[in-house]
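Enquirer: Coordinates for the following, if possible.
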Amino acid sequence: MDPTEAPPPSLGAERRRRRSEDPITALHYQLSVARSEGKLEALVLVDDRGCLVAGAGSWPVCEELAAYAPLLAEPDLPTSAAVGTRIADLSREVLVRALPLGTAEALLAVRGGGEDRSAFIARAAAGCRRILQAA
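Expert: Next comes the predicted model:
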């Protein structure tokens, strides 16, 4: 193949429009694309304690999702009445999925979107794993 020609799509064409060598920025880009394509209100990656690692969406929504994601993932954990009420409200509109990362585990939480939002969270999970394994 002539080196001045673009490679065919099957031979390594770059799908990503933005990329970064910084893992946190790369995670944000990954979540932003999934959020946009899925028409999601917010999508966050959090650790098992509710600390926001990366997110896409309005900052207050991302912070709330991060804080409540571990409690939404483990609904049997004891909480106060006020927290329990908020968890009940959020559980109707938020989907949380575990993201195993070798010996650690993170959580992906999504707010908004339709019935097919599981597909977008699965795609985001695969991208996050790829980014974190390369870091």
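
Enquirer: buried set for the host helix or strand of residue 129?
Expert: Assigned by DSSP states H and E, residue 129 belongs to helix 117-134. Buried residues in helix 117-134, defined by neighbour count with 16 or more other Cβ atoms under 10 Å: 117, 120-121, 124-125, 127-128, 131-132. Quick note: C-beta positions are derived from backbone N, CA and C, even for glycine.

Enquirer: Out of the residues you listed, flag the one nearest to residue 25.
Expert: When the buried residues of helix 117-134 are compared for distance to residue 25 (Cβ to Cβ), residue 131 wins out at 9.7 Å.

Enquirer: Distance check, the residue nearest to that closest one when sequence neighbours are not counted against residue 101.
Expert: Among residues not flanking residue 131 along the chain, residue 26 sits closest, at 4.8 Å (Cβ to Cβ, 6 or more residues apart in numbering). The gap separating residue 26 from residue 101 is 15 Å, by Cβ to Cβ, to the nearest Å.

Enquirer: higher neighbour count, the two?
Expert: residue 26 (22 against 13; other Cβ atoms under 10 Å).

Enquirer: Wait, the more buried one touches residue 19, no?
Expert: Yes - Residue 26 is within contact range of residue 19, at 6.7 Å (criterion: Cβ atoms under 8 Å).

Enquirer: Can you pull out the low-pLDDT segments for this structure?
Expert: Applying pLDDT under 70 to the chain picks out residues 1-18.

Enquirer: any chance you could map the strands in it?
Expert: Using DSSP state E, the strands of the chain run over 40-47, 52-57, 94-101, 104-112.

Enquirer: Kindly reformat these as CSV containing distance to residue 79.
Expert: What follows is the strands of the chain, written out as CSV (distance: least, Cβ to Cβ, whole Å):
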stretch, distance to residue 79
strand 40-47, 17
strand 52-57, 20
strand 94-101, 15
strand 104-112, 17
